[in-house]
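Engineer: dropping a prediction and its sequence here:
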Amino acid sequence: MNIYQVDAFTNELFKGNPAAVCPLKNWISEDVMQTIAEENNLSETVFFVQNKHQFEIRWFTPTCEIDLCGHATLAAAHIIFTELNYTKNSIEFSSKSDILTVEKNNDWYILNFSSEEIKEIETPIILQQALNVPILKTFKGKWKIIALLQNEEIVQNLQPNFSKLTELEFSGVIVTSKGDSLDFVSRFFAPKIGINEDPVTGSAHTLLIPYWANILNKNILIAKQLSKRTGFLKCKNLENRVEMSGQAVTYLKGKITI
């Protein structure tokens, strides 16, 4: 089986978010896909199978399958465009959560995902204890929670208690603030599904883009995720969907022997 490793949402090696990409001719067992993801020990391993005009896609963390992953979708599209002799300029993925499209524009990939609604809630005590910084507002989505913080410096320097975060009912925790030189910044933590900190998180931006578009009263935004590896996203808020544009670099090409 071919395997690739791609750094997504960056144009530099060792930046952005690494994902393993495994193109398949036919689906293999879920147990084997999960074991491969555990062996890779990256935040995501993505598998896909071409089915006529679409690609069916699935994503696995080292501990479980998830319903949506932006950076691994970008990584999969990068491999389809650069390694698999794909000649069209747009790819359609079918997934458990949505129909996703990725369009190639020079060396940028434009991901089009459904946006996710959020609702303001009272800040959970556990979240306050885990972050241990002032939280201005808290919002919830389907399985992610957003903590609005005062400024970029607090987001950058945050050192959460990961053990405490696993006690939340939410699988993913987004912290965000207005940016100093960009529109907004964020970080993403998901220790409950085996990822203490995800370097660049496309799925988190399906919540963040509509929120910041409303707050800043603009539909085209530039975002940065402030992990150690960092990642940049060009964002666009559409009516019920969002666009995230990013770049990608291939780090590794290899074979899995099972």
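Structural biologist: Received it, and whenever you're ready, just let me know what you need. Quick caveat: nothing in here was measured; it's all calculated off a predicted structure. Numbering: from 1, shown residues only.

Engineer: could you chop the chain up by domain?
Structural biologist: Each domain of the chain is listed here as a residue range: 2-113+244-255, 119-237, per automatic domain parsing.

Engineer: where does residue 46 fall, secondary structure wise?
Structural biologist: strand 45-51 (DSSP states H and E).

Engineer: averaged pLDDT, that strand. What do you get?
Structural biologist: The average pLDDT for strand 45-51 rounds to 97.

Engineer: can you check stretch 219-237 too?
Structural biologist: Averaged over stretch 219-237, pLDDT sits at 97.

Engineer: buried residues in the next helix or strand after the strand holding residue 46?
Structural biologist: On the C-terminal side of strand 45-51, the closest following helix or strand by DSSP H and E is strand 54-60. For strand 54-60, a neighbour-count test (16 or more other Cβ atoms under 10 Å) marks 55, 57, 58, 59, 60 as buried. Heads up, the C-betas are built off the backbone N, CA and C, glycines and all.

Engineer: now swap in stretch 232-241 and tell me
Structural biologist: Within stretch 232-241, the residues that count as buried by 16+ other Cβ under 10 Å are 232, 233, 235, 236, 237, 241.

Engineer: of these, which is the nearest to residue 120?
Structural biologist: Residue 120 has its nearest neighbour among the buried residues of stretch 232-241 in residue 237, at 18.6 Å by Cβ to Cβ.

Engineer: and the strand holding residue 46, which strands flank it?
Structural biologist: According to DSSP bridges, strand 45-51 forms sheet pairs with strand 17-24 (parallel), strand 54-60 (antiparallel).

Engineer: which residues does it contact?
Structural biologist: With contact meaning Cβ atoms under 8 Å, 6 or more residues apart in numbering, strand 45-51 is reached by 19-28, 33, 36-37, 55-60, 69, 72-73, 75-76, 80, 93-94.

Engineer: for that strand, could you pull out the residues that count as buried?
Structural biologist: Buried residues in strand 45-51, counted by 16+ other Cβ under 10 Å: 45, 46, 47, 48.

Engineer: next one: stretch 6-13
Structural biologist: Buried residues in stretch 6-13, defined by neighbour count with 16+ other Cβ under 10 Å: 6, 7, 8, 9, 10.

Engineer: what of stretch 164-179?
Structural biologist: For stretch 164-179, by 16+ other Cβ under 10 Å, it's 164-166, 168, 170-179.
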